[in-house]
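In: Prediction below, plus the sequence it came from.
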Amino acid sequence: MSSPHQIPGTTIFNGAEAQKGLALNKMCFSFNSAENRAEFLRDCEAYCTKFGLTPEQKAAVRARDVLAMIEAGGNVYYLAKLAGIYGLNVQDIGAQQTGMSVDAFKAKLQSAGR
Amino acid sequence: MATIIGGIATTHVPAIGNAIAKNLQNEPYWKPFFDGFKSAHAWLSVNQPDVVVVVYNDHGLNFFLDEMPTFAVGAAGEYRHADEGWGLPVSAPFPGDPEFSWHIIEQLVGNEFDVTSCQEMLVDHAFTIPLALLWPDAAKRPTKIIPIEINTVQHPLPTPARCLKFGQAIGRAIESYAGDLKVLVVGTGGLSHQLDGERAGFINKDFDLFCLEQLIKTPETLTRYTIPQLVELAGSQGVELLNWITMRGVLTGRVSKVHGNYHIPISNTASALLVLDNQAVKQTELRRAG
């Protein structure tokens, strides 16, 4: 059920991804609440279990590995709420996903304007 | 009858909300972006609307994957912002206009756009930030605001062609409202950016500049793209261009550009602002032309 139009380095978040990632995204959606963010920080493992994450999703969360979370069905709009708990912004996760330093990633963004 | 006075489209990156909260408008990073709004403020000071219709996309504050409408229209007397999870300050509530909202909903459904109506609806940064940018002084903000939300999160997304038609239907709905009101439509998001995957950080200046030009007089040009093509050209989150296309569809009269600004980057995004004036075309002229 993958998209017929493949774009390198890009996952189209379609029905297949939405089904695969439901538990992970639901957990991240819960981070709109400060109380839930605190509960997650107290016991990450228990919180993941409470939301029924798969072993693959749990491992990705444990490793704070954004590409692995996307591979496990995560959607970046929800994952950004998880990243925020660790004080990571979209440049930080952009750098992580592209294997660059944060400064190099910011320079890449700057250079797109020239 | 209600009159559509114009349309404004602007980027809605969350970092802008933090910059406003910390008063960073004159810092070198932010100045080229915020300075772009001075001309918009000047235009708004002589073209103050009574009602603002905001076309935006929710990022997981009000809507989740359990129930995901393609098009949703707010029908509340008040819209609240709330904690989005990433530290953005929470805005004060925004007043709605339920009577006008229900008129729009009735007209849209009557014209085959089967929207989801929302009597309770949280609005996120994609709604709050553009209003803060256009009216930095909240006391001067129009007193009635109607949110219209488009799904840009979970594919399938509505096509650019569908969004232009959706905008046109919103425009007809507004103009058929009996109230003597001046209405501004605001489209938010974009332009090109991608937050996820190995392609994170993708920006496409050439495509953005092409879109900014086409939106003025020939928005139909943008309806040739499929959603996957749009993802390829504008990035995964650059599909927020759909909100801009919808905004443009609402402008049913003679459209001219008042002001534009384009600046790379704000956060991971190519930021842009477009202010369009709409001069209503009288029904008699339309009949003659037809």
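Out: Now that the structure is in, tell me what you want to look at. Numbering: from 1, shown residues only, chains lettered A, B, ... in the order given.
In: give me the low-pLDDT residue ranges for the chain?
Out: No chain was given, so I picked chain A. Filtered on pLDDT under 70, chain A yields the residue ranges A:1-5.
In: if you could check chain B rather than the one you did, that'd help
Out: Using pLDDT under 70, the flagged stretches of chain B are B:282-290.
In: hmm, 90 instead?
Out: Across chain B, residues meeting the criterion (pLDDT under 90) sit at B:1, B:86-87, B:142-143, B:179, B:280-290.
In: the strands in it, which residues?
Out: B:3-10, B:51-56, B:71-74, B:78-79, B:94-95, B:116-118, B:144-150, B:182-188, B:254-266, B:269-279 (DSSP state E).
In: Enumerate every residue touching residue B:52.
Out: B:131, B:142, B:144-146, B:183-186 (CB atoms under 8 Å, 6 or more residues apart in numbering or on different chains). Every C-beta, even on glycine, is put in place using the N, C-alpha and C of the backbone.
In: how much space between the most centrally placed residue in chain A and residue A:65?
Out: In chain A, the residue lying closest to the centroid (CA atoms, centre = their mean) is residue A:79, at 3.4 Å. Residue A:79 sits at a distance of 11 Å from residue A:65 (criterion: CB to CB, to the nearest Å).
In: do the same with residue B:225
Out: 33 Å.
In: Could you check which of those two is surrounded by more residues?
Out: residue B:225 (21 against 15; other CB atoms under 10 Å in any protein chain shown).
In: and residue A:110, what helix or strand is that in?
Out: Using DSSP states H and E, residue A:110 sits in helix A:102-111.
In: Tell me where the longest helix sits in chain B.
Out: In chain B, assigned by DSSP state H, the helix with the most residues is helix B:160-175.
In: Would you mark the buried spots in it?
Out: B:160, B:162-171, B:173-175 (16 or more other CB atoms under 10 Å in any protein chain shown).
In: Can you tell me which of these is nearest residue B:218?
Out: residue B:164 (11.1 Å; CB to CB).
In: For the nearest residue to the closest one once chain neighbours are set aside, give its distance to residue B:71.
Out: Leaving out its chain neighbours, the residue that sits closest to residue B:164 by CB to CB, 6 or more residues apart in numbering or on different chains is residue B:249, at 4.4 Å. Distance from residue B:249 to residue B:71, counting by CB to CB: 12 Å.
In: neighbour count winner among these two?
Out: residue B:249 (25 against 21).
In: Show the residue spans covered by the helices in the chain.
Out: Picking chain A for this. A:15-20, A:22-29, A:34-42, A:44-50, A:55-62, A:66-71, A:76-85, A:90-98, A:102-111.
In: hmm, I had chain B in mind actually
Out: Under DSSP H, chain B gives helices at B:14-21, B:31-35, B:38-46, B:98-110, B:125-134, B:160-175, B:205-217, B:227-234, B:241-250, B:283-289.
In: tell me what the third one is packed against?
Out: The elements that helix B:38-46 packs onto, with contact taken as 3 or more CB pairs under 8 Å, 6 or more residues apart in numbering or on different chains; DSSP states H and E, are helix B:125-134, strand B:254-266, strand B:269-279.
In: who wins for proximity to residue A:71 among these?
Out: Residue A:71 lies closest, by CB to CB, to one member of the helices and strands packed on helix B:38-46: strand B:269-279, at 24.3 Å.
In: residues in the stretch 151-290 of chain B within reach of chain A, list them.
Out: B:153-156, B:194-201, B:203, B:205, B:226, B:228-229, B:231-232, B:236-237, B:263-265, B:267-268, B:270 (CB under 8 Å from any CB of the partner chain).
In: Mind doing that once more with 7 Å?
Out: Contacts of the stretch 151-290 of chain B with chain A, taken as CB under 7 Å from any CB of the partner chain, map to B:153-155, B:195-201, B:203, B:205, B:228, B:231-232, B:236, B:264-265, B:267-268.
In: PyMOL command for the buried members of these?
Out: Buried residues among these (16+ other CB under 10 Å), as a PyMOL selection:
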select buried, chain B and resi 153+154+155+195+196+197+198+199+200+201+203+228+231+232+236+264+265+267+268
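In: Burial check on residue B:42, number of neighbours?
Out: Every residue meeting other CB under 10 Å relative to residue B:42 is counted, giving 13.
In: Within range of chain B, give me the residues from chain A.
Out: A:3, A:5, A:7-14, A:18, A:22, A:25, A:29, A:31-34, A:70, A:75-78, A:80-81, A:84, A:90-91, A:94, A:97-98, A:105, A:108-110, A:112-113.
In: Could you tell me which of these count as buried?
Out: Buried among those by 16+ other CB under 10 Å: A:3, A:7, A:10-13, A:18, A:22, A:25, A:29, A:31-32, A:70, A:75-78, A:80-81, A:84, A:90-91, A:94, A:97-98, A:105, A:108-109, A:112.
In: can you give me how far stretch B:217-232 is from the chain middle?
Out: In terms of CA atoms, centre = their mean, to the nearest Å, the gap separating the centre of stretch B:217-232 from the centre of its chain is 17 Å.
In: got it, and stretch B:188-206?
Out: Centroid separation for stretch B:188-206 versus its chain: 18 Å, with CA atoms, centre = their mean.
In: now the end-to-end length of it.
Out: Stretch B:188-206 has an end-to-end distance of 20 Å (criterion: CA to CA, to the nearest Å).
In: go on, stretch A:97-114?
Out: Stretch A:97-114 end-to-end distance (CA to CA) = 23 Å.
In: Now do it: distance to the chain's middle.
Out: That offset, for stretch A:97-114, works out to 19 Å (CA atoms, centre = their mean).
In: and the stretch 1-150 of chain B, which of its residues are near chain A?
Out: Going by CB under 7 Å from any CB, the residues of the stretch 1-150 of chain B near chain A are B:59-61, B:64-65, B:82-87.
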